[in-house]
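Asks: I'll drop the sequence and a predicted model, then ask my questions.
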Amino acid sequence: MPDFVGAVDQGTTSTRFMIFDHGGNEIARHQLEHEQILPRAGWVEHDPVEIWERTRSVVQTALNRANLSASDLAALGITNQRETAVVWNRRTGRPYHNAIVWQDTRTDRIASALDRDGRGDVIRRKAGLPPATYFSGGKIQWILENVDGVRRAAEDGEAIFGNTDTWLLWNLTGGTDGGVHVTDPTNASRTMLMDLETLEWDDELLSFFGIPRAMLPKILPSSHPGLYGTTRPDGPFGGEVGISGDLGDQQAATVGQVCFSPGEAKNTYGTGNFLLLNTGHEPVRSKNGLLTTVCYRFGDERPVYALEGSIAVTGSAVQWLRDQLGVISGAAQSEALARQVPDNGGIYFVPAFSGLFAPYWRSDARGAIVGLSRYNTNAHLARATLEAICYQSRDVVEAMRQDSGVTLDVLRVDGGVTANDLCMQIQADVLGVPVSKPVVAETTALGAAYAAGLAVGFWKSTEELKQNWNEDRRWEPRWSDEQRAEGYAGWKKAVNRTLDWVDVS
C-alpha cells in the first residue's frame, strides 16, 4: 500500500491540499485564498469556478513540492465549508450563480416565514436544525426563485445542487464526463432537507422549499472504499486516486481531534467558531439553541451524532480589524496590540455582522461595540475582539451543559486562531477549564485524511488514530471566579444591545 493519504480542505476563505503519513504527520501542503464577493450588505458569495481552479492548483503544487504522484497516495479525503450552496448545469458544468456562502443573510425572510406558520417545528424535529439563513435549503430556494431558467432546468434534471464537497467531487471524478453527484450525511445534515433518523432526503422538507428531489446528490457514508469515485488521469492528480472520505469541515475536525467517545468535544477557531460534542449513536435534541447534527458515519456502522454550537464571526472579526478598519496590518498583530492593555477597558465587541448564530439564532442582530469612553484605544478594541471569540464559545459551552449534562474537563482546540497565545489564554480564563492544542493543528484536513484512510485499511481502527494524537500546548485558567462572572455578565449585556436592529418580518 502507498505510504500517504491526501486531503482537500475547501474552506471559507481558502482551499488547501495536505498530505499525511501513517503517523498523521504533515508531509506537504499548499494553500490559496479565493475572492470574497460582497454584492450588497449581508450577501456573501464565492465563485465556484475559481474554487475548482484553486483546488487544481493546490493539489499540483503540493504534490510537486513533495516530489509525489497519484500512485503515492493510498486514498483521498474531502472536507469543506458546509452550507455554502452551489447550483450548476450537469450538462455544461457551469454554475447558474455564484455559490451562496453560509454567512449570507439574503434568505432571512424565507427563514422567518418557516417559523411563522409552523413548518419550523417540523424542520427542528426532522432535521435537527432551526430555520435559519445559515443552512443550504433556503439558498437553493432563493436561486430557484431568482435566477432565470433554473427552476425549469431543475425540473428537467439538468440543474443540480451541492455544498462545495459535492461540487469538487463531481469535478474531480470527471465533471460533465461521468462526474459523481454525491455527498455524505454530515453535509446533508446541514441543508434542512435530510431526516436525521433515516439519513435520507425528506419529501416533506423538500416541499417546504419547493426543491425537486432530482437536484440533490446521493447520500453515502462519510468513509467507505471507492464510493466517491476515482480521480481522473487528466485531472490535477495526473492519475487515479480513490476518493474514500467526505466530511463537512467541523465534523472532520472532530475526527481529526479523535473525539470518538460520547462527551468528548472540540472547538475549531476559523472564520467562525464551531464547537462539537460527540453524543453517541442517538441524536440529542437541543432545547438551548444548539444544532443536532451527524458527526460521522463510517462504512456500514451506525451513525454518530453531535451537538454543535455554530458561531458566525470569530476569526473573521480579526480580518475585519485588518481589512475594513485598518487597525492592524496582519492577523498576528492582533495579539501584540491586545497585549498592550491588561483588560478590555470596559468595552465589548459583539461581531454580529450576519446576525447571531448559536445559541441565540437572531438574524435581526447586528454588530456593536459598546461601553466606549475617551479612555479607550485601538489596543482595547483588539483585546475586545479576542474576548468576543472566547465569550461566544462560552455561550455555546453553557448551552451544551444544559442540553447534555456534560461538564467539560478540557476543551480541545484547533484552527488558525489557536496560534494566538493570548486568545487561547483568555479562552481558558473565560471558561474556567484547561484548553489543549494538538501537535497537528490542521485537524480539519487530518480528519478528512483519517476518514479516507480508515476506509481502505491505511489505518486499521479509531484506536490506532487516538495513538496519533499528541498535545502541543495547554493553557490553564488564571482568572478568579469573580473575574469570570463579572466579565461574562458584561458580555451578556452587550449581546442584548445588538438585538432587534434589522427588521426581518
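Replies: Now that the structure is in, tell me what you want to look at.

Asks: does the nearest residue to residue 479 once chain neighbours are set aside count as helix, strand or coil?
Replies: Distance criterion CB to CB, 6 or more residues apart in numbering; nearest residue to residue 479, sequence neighbours excluded, is residue 429 at 4.0 Å. All C-beta spots, glycine's among them, are computed from the backbone N, C-alpha and C. Classification of residue 429 by DSSP: H, G, I helix; E, B strand; the rest coil places it in helix.

Asks: okay, now residue 429: neighbour count?
Replies: A count of neighbours around residue 429, defined by other CB atoms under 10 Å, yields 20.

Asks: mind listing the strands for the stretch 1-150 of the chain?
Replies: 4-10, 14-20, 26-33, 45-46, 73-80, 86-89, 99-100 (DSSP state E, counting those that start in this stretch).

Asks: specify the angle between the fifth one and strand 14-20 in degrees.
Replies: Okay, so that is strand 73-80. Counting by axes from the mean of the first three to the mean of the last three CA atoms, to 10 degrees, strand 73-80 points 150 degrees away from the direction of strand 14-20.

Asks: give me the angle between strand 73-80 and strand 4-10.
Replies: Using the same axes, to 10 degrees: strand 73-80 against strand 4-10 is 20 degrees.

Asks: strand 73-80 pairs with which strands, parallel or anti?
Replies: strand 4-10 (parallel), strand 243-248 (parallel) (DSSP bridges).

Asks: so how far is the first one off the chain centroid?
Replies: The chain centroid and the centroid of strand 4-10 are separated by 16 Å under CA atoms, centre = their mean, to the nearest Å.

Asks: follow-up on the earlier one: out of the strands of the stretch 1-150 of the chain, which is closest to residue 468?
Replies: Closest to residue 468 of the strands of the stretch 1-150 of the chain, according to CB to CB: strand 14-20, at 9.4 Å.

Asks: surely residue 104 and residue 43 touch.
Replies: Yes: if you go by CB atoms under 8 Å, residue 104 and residue 43 touch, sitting 5.6 Å apart.

Asks: the two: which is more packed in?
Replies: Under the neighbour definition other CB under 10 Å, residue 104 and residue 43 were set side by side, and residue 104 has more, 25 against 16.

Asks: got the contact list for that one?
Replies: By CB atoms under 8 Å, 6 or more residues apart in numbering, the contact set of residue 104 is 42-45, 133, 139, 354.

Asks: looking at those, spot the one nearest residue 255.
Replies: Among the contacts of residue 104, residue 139 lies closest to residue 255 (CB to CB), at 26.0 Å.

Asks: sec struct for the residue located most distally from the centre of the chain, please.
Replies: In the chain, counting by CA atoms, centre = their mean, residue 374 sits farthest out from the average C-alpha position, at 38.1 Å. The local conformation at residue 374, judged by three-state DSSP, is coil.

Asks: from residue 51, how far off is it?
Replies: Residue 374 sits 46 Å away from residue 51, going by CB to CB, to the nearest Å.

Asks: ditto for residue 364
Replies: For residue 364, the distance to residue 51 equals 31 Å [CB to CB].

Asks: neighbour-wise, which of these two wins?
Replies: Per other CB under 10 Å, whichever of residue 364 and residue 51 has more neighbours is residue 51, with 27 against 17.

Asks: chain neighbours aside, what residue packs nearest to the more buried one?
Replies: Ranked by CB to CB, 6+ apart and with sequence neighbours excluded, the top spatial neighbour of residue 51 is residue 34, at 5.7 Å.

Asks: wouldn't the one you found be in contact with residue 47 here?
Replies: Yes: assessed by CB under 8 Å, residue 34 is found in contact with residue 47 at 7.1 Å.

Asks: tell me, what's the model's pLDDT at the residue nearest to residue 479?
Replies: If you check residue 429, the pLDDT there is 97.

Asks: so what's it up against?
Replies: 390, 477-479, 483-484.

Asks: mind checking pLDDT for residue 157?
Replies: Residue 157 carries a pLDDT score of 92 in this model.

Asks: check contacts around it.
Replies: 90, 214.

Asks: give me the number of residues near residue 199?
Replies: Neighbour count of residue 199, defined by other CB under 10 Å: 17.

Asks: do the same with residue 480
Replies: By the measure other CB under 10 Å, the count of residues near residue 480 is 11.

Asks: on contacts alone, who are the packing partners of the helix or strand harbouring residue 306?
Replies: Per DSSP states H and E, residue 306 falls inside strand 304-311. Contacts defined by 3 or more CB pairs under 8 Å, 6 or more residues apart in numbering; DSSP states H and E place strand 304-311 against helix 249-256, strand 273-280, strand 291-296, helix 378-404.

Asks: at 6 Å instead, please
Replies: strand 273-280, strand 291-296, helix 378-404 (3 or more CB pairs under 6 Å, 6 or more residues apart in numbering; DSSP states H and E).

Asks: coming back round to it: neighbour count: residue 34 and residue 47, which is higher?
Replies: residue 34 (19 against 15).

Asks: relative to residue 26, how far out is the more buried one?
Replies: Separation of residue 34 from residue 26 (CB to CB): 22 Å.

Asks: give me the three-state assignment for residue 322.
Replies: helix.

Asks: what sits closest to it if chain neighbours are left out?
Replies: Leaving out its chain neighbours, the residue that sits closest to residue 322 by CB to CB, 6+ apart is residue 328, at 5.1 Å.

Asks: OK, contacts around that neighbour?
Replies: Residue 328 makes contact with 321-322, 334, according to CB atoms under 6 Å, 6 or more residues apart in numbering.

Asks: could those go into TSV alongside distance to residue 117, neighbour count and pLDDT?
Replies: Below are the contacts of residue 328 laid out as TSV (distance: CB to CB, whole Å; neighbours: other CB atoms under 10 Å; pLDDT from 0 to 100):
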residue	distance to residue 117	neighbour count	pLDDT
321	41	21	90
322	42	15	91
334	44	26	91
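
Asks: neighbours around the residue nearest to residue 331 when sequence neighbours are not counted, how many?
Replies: Distances taken as CB to CB, 6+ apart put residue 318 closest to residue 331, at 5.2 Å, once the chain neighbours are dropped. Residues lying near residue 318 (other CB under 10 Å) number 28.

Asks: my read is residue 318 is in a helix, agree?
Replies: Yes: judged by three-state DSSP, residue 318 forms part of a helix.

Asks: so how far is residue 17 from it?
Replies: Residue 318 sits 25 Å away from residue 17, going by CB to CB.

Asks: was I right to think residue 327 contacts residue 378?
Replies: Yes: the pair residue 327 and residue 378 qualifies as a contact (CB atoms under 6 Å) at a distance of 5.1 Å.

Asks: what about residue 221, which SS state?
Replies: Under three-state DSSP, residue 221 comes out as coil.

Asks: mind listing what the closest residue to it other than its chain neighbours touches?
Replies: Take residue 221 and drop its neighbours on the chain: the residue closest to it by CB to CB, 6+ apart is residue 297, 4.7 Å away. Listed by CB under 6 Å, 6+ apart, the contact partners of residue 297 are 185, 221-222, 303.

Asks: how close does residue 297 get to residue 189?
Replies: Distance, residue 297 to residue 189, by CB to CB: 10 Å.

Asks: count of neighbours near residue 253?
Replies: Going by other CB under 10 Å, the residues that sit close to residue 253 add up to 30.

Asks: pretty sure it contacts residue 441?
Replies: No: between residue 253 and residue 441 there is no contact under CB under 6 Å: 10.2 Å.

Asks: what helix or strand is residue 345 on?
Replies: Judged by DSSP H and E, residue 345 forms part of no helix or strand.

Asks: OK, contacts around it?
Replies: By CB under 6 Å, 6+ apart, the neighbours of residue 345 are 376, 380.

Asks: from residue 81, how far out is residue 245?
Replies: In terms of CB to CB, residue 245 sits 17 Å off from residue 81.

Asks: between those two, who's got more neighbours?
Replies: Remark: of residue 245 and residue 81, residue 245 carries more neighbours, 34 against 27, as counted by other CB under 10 Å.
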